[in-house]
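A.B. asks: All I have is the shape, not the residue letters:
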């Protein structure tokens, strides 16, 4: 192999084979795939994202969500486990409720880029639009530990704005206790000294509020004891911060609109039958 | 008239003078590539640490959008793939090609243009991603204004390597040259096609991830692997002073890699919404990779046989042999990983991340460290200033990648088993993974310490500290 031409032609041929086989052939097979309609009267599926949901896809992209969340539901024959009777079973994705069927190439024809993902540090999101409410998505994006103490997902406080309440609280405002809102993105808890100072200032009002809460109305509380102080603090942290509210920014609204629009594994497609 | 006998002494002196002339012609651009690469390695390490810490301590740096996990991860990958490994690859290709062709580099100053294009592109990619321009296309996350820089820079390097080859004075073409020639031809094609079909004229739906994984796997397989394997082929015989064991094994290894590696990428989409035959074809390609890997493994091992004691002395050899062993290991693992039954567990888990780092770090980066320790003194004319720092670098890197690999492989495997069982709540999986994530941070800190030692050595060498090269190199232990 002392001739450059031999190496060049060989490298050309071997690489061309994979280029033809793995790139051009699938391109020819799948490019330009059309939406599905059962009959002429049926609405086509899928539809391209529009408006805020499309803007939200940009946010999803730039924050790198797909590096922990895939968007593909796998076949009911894929993967195995043994249930409590020692029976071998398959298809965890659908059984986890991530979708009603596996996803197929047609589900992605309008995706740019197509973020199938290769990692599941978090659950699959192909059909997340069907699983959670808008309010849940906002609170969870603001700080995922609101719902799951163990979560390692980042908080996204820059998609939310903390502002003074003028008049009524906004309808869009997140309904979260002050532990989440005092220091957005973190879970706040005052130090013992700070809590003592707060109690000196507003102790009576907080106690009255504690007692007027239906969950506590029968329980006596003594802010003088350590236990009383702690219970009062735990309660106070779950109450909303006075005079301020957290509302989604345009980007926060867009991201959640995108998440709610992710419903890739619901509409039945003939090729997705198993 | 009888031919005059040429004394070996005379030959040796002339060869040394010729090598010195070749090194002098490459000095500027190759050192520029090498120093830039080391800088990006440090940047990439810092970003890796940010991302790694966040996976077990999510409140670390919370509220700074630039350092959220997703952005730090994308920026890390660009810094180490485009910045670190690719820049060493290019610098190494130019230098080894000149050395093996026994010819001086022509118009060396123009390669500064290539290096600068590459640096500007990488800077734009890393900063662009941190500031919110990340694209979420794995390995190709750089904002769309970056690829032209890379394509132009790469084009120059490929042209220079080809021109050097055309001007060769040595008629025999060594195995390293095959790998380099193929790599500088494959990579521009690969990169341009991928950018074209994903960004400039996007293909429909799942064709994008198909092109994406064809690119990603070949980035390692047809760009980094050939040059790193070629580097080992160059360094091992050079350092121990004996020829490669078998020419025919080299040929087998080269052609089998060219044919099979390029087919291997689709197993990353196993179970996904793509035609099943694609994954199957890639599984075949991946399993066939046993052939080139065994050929190269035997060839390197047989060359090294009876010379392993030299690992005690030579830093360049120790890094290179570590990398060569990791190549065999990571490739065997990769072939097994592509099998469907195995993939059903390991896919979507940190097992794959451990595997990727064993490849890109344990194999490629370690051989490249070996290349630095061999090449830089020959270019600057200075020996390494401190064998202690080299030792720190080696042990931090070697122990670091081992902890990284073991921790995440175990964690990833059980993550996959639990994920496949819908009765296991998601929270249990995350809680199970946290200590494994912590082990990755510990490994990352170690590797970063090693990189700081490495960068310090490089700066010292470039600044003229360290004794002038007269006789032998800096050894770990002086030979007695």
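C.D. replies: Ah, there it is. Predicted, not measured: the structure shown is a model, and the values here were computed from it. Numbering: from 1, shown residues only, chains lettered A, B, ... in the order given.
A.B. asks: Residue 81: neighbour count?
C.D. replies: All of this refers to chain A. Other residues within reach of residue A:81, judged by other C-beta atoms under 10 Å in any protein chain shown, total 19. Backbone N, C-alpha and C define where each C-beta goes, glycine included.
A.B. asks: Chain B was what I was after
C.D. replies: Counted with other C-beta under 10 Å, the neighbours of residue B:81 add up to 24.
A.B. asks: Residue A:161 looks like it's in a strand, true?
C.D. replies: Yes - the assignment for residue A:161 by DSSP: H, G, I helix; E, B strand; the rest coil puts it in a strand.
A.B. asks: Which positions are bridged to it in the beta structure?
C.D. replies: Here residue A:161 sits in beta bridges with residue A:247, as judged by DSSP bridges.
A.B. asks: And the closest residue to chain B within the stretch 51-200 of chain A, how close does it get to residue A:41?
C.D. replies: Nearest residue of the stretch 51-200 of chain A to chain B, counting by C-beta to the nearest C-beta: residue A:64, 2.1 Å away. Separation of residue A:64 from residue A:41 (C-beta to C-beta, to the nearest Å): 41 Å.
A.B. asks: more crowded one of the two?
C.D. replies: residue A:64 (26 against 6).
A.B. asks: which residues touch the more buried one?
C.D. replies: B:68-71, B:73-74, B:134, B:136, B:141 (C-beta atoms under 8 Å, 6 or more residues apart in numbering or on different chains).
A.B. asks: Let's see that with 7 Å instead.
C.D. replies: Going by C-beta atoms under 7 Å, 6 or more residues apart in numbering or on different chains, residue A:64 touches B:70-71, B:73-74, B:134, B:136.
A.B. asks: same thing with residue A:66?
C.D. replies: Neighbour list for residue A:66: A:115, A:117, B:136 [criterion: C-beta under 7 Å, 6+ apart].
A.B. asks: Most neighbours among these, please name it.
C.D. replies: Counting by other C-beta under 10 Å, top hit in these: residue A:115 with 26 neighbours.
A.B. asks: Spatially nearest residue to it (excluding sequence neighbours)?
C.D. replies: Leaving aside its sequence neighbours, residue A:115 sits nearest to residue A:66 (C-beta to C-beta, 6 or more residues apart in numbering or on different chains; 4.2 Å).
A.B. asks: what do you get for residue B:50?
C.D. replies: With sequence-adjacent residues excluded and distances taken as C-beta to C-beta, 6+ apart, residue B:50 is closest to residue B:72, at 4.5 Å.
A.B. asks: hang on, residue B:187 packs against residue B:225?
C.D. replies: No - Residue B:187 is beyond contact range of residue B:225, at 11.2 Å (criterion: C-beta atoms under 7 Å).
A.B. asks: tell me which residues in stretch B:52-63 are buried?
C.D. replies: B:52-56, B:58, B:60-63 (16 or more other C-beta atoms under 10 Å in any protein chain shown).
A.B. asks: wait, what's in contact with the residue of chain B found nearest chain A?
C.D. replies: Here chain B gets closest to chain A at one residue, residue B:70, 2.1 Å apart by C-beta to the nearest C-beta. By C-beta under 7 Å, 6+ apart, residue B:70 lies in contact with A:63-65, A:67.
A.B. asks: Now with 8 Å, please.
C.D. replies: Residue B:70 touches A:63-68, A:154, B:134, B:136, counting by C-beta under 8 Å, 6+ apart.
A.B. asks: what's the distance between it and residue B:52?
C.D. replies: 13 Å.
A.B. asks: next one: residue A:227
C.D. replies: 40 Å.
A.B. asks: what's the answer for residue B:237, then?
C.D. replies: Relative to residue B:52, residue B:237 is positioned 38 Å away (C-beta to C-beta).
A.B. asks: Then residue B:252?
C.D. replies: 39 Å.
A.B. asks: which parts of stretch B:18-34 are buried?
C.D. replies: B:22-23, B:25-34.
A.B. asks: SS state for residue A:81?
C.D. replies: Following three-state DSSP, we place residue A:81 in the strand state.
A.B. asks: check contacts around it.
C.D. replies: Counting by C-beta under 8 Å, 6+ apart, residue A:81 touches A:88-90, A:92, B:417, B:420-423.
A.B. asks: Mind doing that once more with 10 Å?
C.D. replies: A:87-92, A:95, B:417-424 (C-beta atoms under 10 Å, 6 or more residues apart in numbering or on different chains).
A.B. asks: which of those lies closest to residue B:41?
C.D. replies: Distance ranking of those against residue B:41, using C-beta to C-beta, places residue B:419 first at 33.0 Å.
A.B. asks: Show the end-to-end separation of stretch B:120-136, please.
C.D. replies: 21 Å (C-alpha to C-alpha, to the nearest Å).
A.B. asks: And for stretch A:229-248?
C.D. replies: 33 Å.
A.B. asks: Pull the distance from that stretch to the chain's centre.
C.D. replies: For stretch A:229-248, the separation from the chain centroid amounts to 24 Å (computed by C-alpha atoms, centre = their mean, to the nearest Å).
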